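**Student:** structure of the sequence below:
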Amino acid sequence: MGASEKTAAGVSTLPLLHLPQDILVEILSNLPAKSLVRFRCVSKFFYALVVDHGFGVMHRSLSLKLPSRAGILISISSRSSPAYYTINFSEQNAQRPGMLQANRLAYLDSEPFLKGSLLRSSSDGLICLSKPNGDVVVCNVSTGQRISLPRIQFHSPHRPSICAQLGFNSQSKRYKVLMSTWMFARGKWSTSFEYKHWVLTVGVDKSWREINYSPHPFEGYGSLIDSDATSVYIDGFIYSYNWLTKADPPSFHIVAFEVGSESYSLIPFPAEVSLSQEYPLVGYLAPFRDKCRDLLRDFALLQVDGGRLAIVFVRKIGHLSYMDVWTHLSYMDVWTWEISKECWEKITMIIPLEESIDIPHRFLRYTTNHVGEIVLLCINRERFSILICNLKSEVWRQFDVGGVEEFPTLCPEDVRIYRIMDNVFSLE
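**Tutor:** All right, here's what the predicted structure looks like:
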């Protein structure tokens with residue numbers, strides 16, 4: 001444990017517990033983060049242990065395996081102030097069995113730094129929020145600890161579009177933030193776009209480091225590296241969409257940014273999506289930036305069972321029943337990237353639940369739970385509900401969600417969900 005062992009050796013509290021240090025550390029590592037935060041006030045030993053970097057890494061590793069420490073975060077960016085809720089799938093509403101209980105994170109709502117901030121990145125229970133002026137904050141959902149990162153000064157008359165993404169470096173056992181920006185750069189005869197990328201190691205770097213990271217050779221219509229673009233962190237890589245407009249018709253790729261080496265590679269978008277009439281916005285319509293943003297918002301990037309990268313899309317198809325009644329069935333397409341084969345494999349499933357009858361695709365939000373099942377958050381005018389799909393068994397489960405006080409029916413785009421877990425990792 002390094003620092004923890006040295007700290008514990010000279011503290012008189014430990015002998016009173018009549019427990020060997022290794023056993024005590026093992027017991028504490030199995031406690032939830034909220035309990036550990038309270039224990040920091042018990043003694044110097046507990047404080048030093050909980051804030052120790054090595055202990056945080058150990059607790060994080062255990063949290064990845066314990067279902068009781070996993071859940072989802074619901075983010076609602078209302079005009080007055082944002083609202084945040086957590087849902088643990090093992091915690092049900094006391095008054096209504098079978099209903100999941102959403103718990104409001106009041107300590108986050110009251111923070112002034114959240115106003116005007118965009119939450120578009122999460123990793124292991126840490127969230128990354130950014131503002132158009134370049135302010136970036138990393139916050140630990142479990143402990144409430146937050147750290148403000150240095151602001152990048154943009155020397156341009158035009159407001160940049162920024163995207164801050166969070167990932168974990170398994171070599172250094174530290175979190176990094178990748179900041180991507182684009183802005184107008186007007187030339188003498190034409191308008192172009194300038195792209196820059198920075199990296200900062202949380203708790204280590206005092207300033208941003210600009211990197212030579214250029215997977216965005218955009219032309220003409222601009223970039224999709226903005227707050228609406230989806231991304232996911234999986235085992236040392238941050239995956240996000242990339243829009244390449246040099247091809248004709250324009251082509252799509254997924255950028256795999258390796259957090260440790262700060263390098264990238266490209267994964268081709270499934271060919272059938274670009275060629276199929278079922279996905280009409282891909283192809284020659286791609287240069288229209290707003291339509292592309294809508295498209296890529298609906299094609300979610302997720303980490304599914306086994307830590308695989310997946311693209312998920314829900315669509316509706318009309319069917320004429322045997323009684324000549326026109327009905328619509330909802331289907332979910334899932335493409336999983338098979339690294340060994342370097343190809344996509346597709347599964348298509350009918351959503352069999354009652355809720356699927358009335359699911360406009362723009363009222364859906366996607367994430368996964370601790371075992372890699374796909375979680376769909378359905379938003380309608382009366383309630384939130386959750387659909388969970390197990391890809392192996394193709395079994396669906398449905399839950400209503402209680403405890404959510406605000407229903408932003410007019411702006412469903414303001415609702416996001418993220419996979420989170422219990423994490424006591426210190427940001428300092």
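
**Student:** drop to CA atoms for contacts and neighbour counts, all remaining ones
**Tutor:** Will do.

**Student:** quick one: low-confidence ranges for the stretch 51-200 of the chain?
**Tutor:** Within the stretch 51-200 of the chain, the ranges that satisfy pLDDT under 70 run 78-81, 91-94, 109-114, 156-157, 184-193.

**Student:** quick one: the strands in it?
**Tutor:** Ranges of strands within the stretch 51-200 of the chain are 70-77, 82-92, 100-104, 118-123, 126-130, 136-140, 146-149, 161-169, 174-186, 191-201, based on DSSP state E, counting those that start in this stretch.

**Student:** quick one: the helices in the stretch 151-300 of the chain?
**Tutor:** Here the stretch 151-300 of the chain has its helices, by DSSP state H, counting those that start in this stretch, at 271-275, 289-298.

**Student:** can you tell me which of those helices the model trusts least?
**Tutor:** Lowest mean pLDDT of the helices of the stretch 151-300 of the chain: helix 289-298, a mean of 57.

**Student:** before we move on, back to that, so which of the strands of the stretch 51-200 of the chain is nearest residue 379?
**Tutor:** strand 70-77 (11.7 Å; CA to CA).

**Student:** list of residues touching the closest one?
**Tutor:** 63-64, 82-89, 119, 367, 369-370, 408, 414-422 (CA atoms under 8 Å, 6 or more residues apart in numbering).

**Student:** same thing but at 7 Å, please
**Tutor:** 82-89, 369-370, 414-422 (CA atoms under 7 Å, 6 or more residues apart in numbering).

**Student:** about what we covered before: dump the strands of the stretch 51-200 of the chain to JSON lines, plus distance to residue 40 and mean neighbour count.
**Tutor:** Output for these, formatted as JSON lines (distance: least, CA to CA, whole Å; neighbours: other CA atoms under 10 Å):
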{"stretch": "strand 70-77", "distance to residue 40": "22", "mean neighbour count": "22"}
{"stretch": "strand 82-92", "distance to residue 40": "23", "mean neighbour count": "19"}
{"stretch": "strand 100-104", "distance to residue 40": "24", "mean neighbour count": "21"}
{"stretch": "strand 118-123", "distance to residue 40": "24", "mean neighbour count": "23"}
{"stretch": "strand 126-130", "distance to residue 40": "20", "mean neighbour count": "24"}
{"stretch": "strand 136-140", "distance to residue 40": "16", "mean neighbour count": "22"}
{"stretch": "strand 146-149", "distance to residue 40": "17", "mean neighbour count": "17"}
{"stretch": "strand 161-169", "distance to residue 40": "25", "mean neighbour count": "25"}
{"stretch": "strand 174-186", "distance to residue 40": "22", "mean neighbour count": "20"}
{"stretch": "strand 191-201", "distance to residue 40": "25", "mean neighbour count": "18"}
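
**Student:** so which of these is nearest residue 238?
**Tutor:** Using CA to CA, the nearest of those to residue 238 is strand 161-169, at 6.4 Å.

**Student:** walk me through the domains of this structure.
**Tutor:** For the chain, automatic domain parsing gives the domain ranges 1-63, 64-421.

**Student:** span of the longest one from start to end?
**Tutor:** Distance across domain 64-421, first residue to last, is 7 Å (CA to CA, to the nearest Å).

**Student:** and residue 334, what does it touch?
**Tutor:** So residue 334 contacts 310-313, 346-348 (CA under 7 Å, 6+ apart).

**Student:** dig out what it forms beta bridges with.
**Tutor:** Per DSSP bridges, the residues bridged to residue 334 are residue 312, residue 347.

**Student:** distance of it from residue 317?
**Tutor:** Using CA to CA, residue 334 is found at 16 Å from residue 317.

**Student:** so where do the helices sit in the stretch 1-150 of the chain?
**Tutor:** Assigned by DSSP H, counting those that start in this stretch, the stretch 1-150 of the chain shows helices spanning 3-9, 13-17, 21-29, 33-39, 44-51, 53-63, 106-109.

**Student:** turn those helices into CSV, including distance to residue 240 and mean neighbour count.
**Tutor:** Shown next, in CSV, are these (distance: least, CA to CA, whole Å; neighbours: other CA under 10 Å):
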stretch, distance to residue 240, mean neighbour count
helix 3-9, 37, 16
helix 13-17, 47, 12
helix 21-29, 33, 15
helix 33-39, 30, 17
helix 44-51, 32, 21
helix 53-63, 24, 20
helix 106-109, 27, 14
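
**Student:** of all those, which one is nearest residue 181?
**Tutor:** Closest to residue 181 of these, according to CA to CA: helix 106-109, at 26.3 Å.

**Student:** residues touching the closest one, excluding its own?
**Tutor:** 82-84.

**Student:** can you redo these as TSV with distance to residue 151?
**Tutor:** Listed next are the contacts of helix 106-109 as TSV, based on distance: CA to CA, whole Å:
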residue	distance to residue 151
82	22
83	25
84	25
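
**Student:** closest to residue 397 among those?
**Tutor:** Nearest to residue 397 out of the contacts of helix 106-109 is residue 84 (CA to CA; 23.8 Å).
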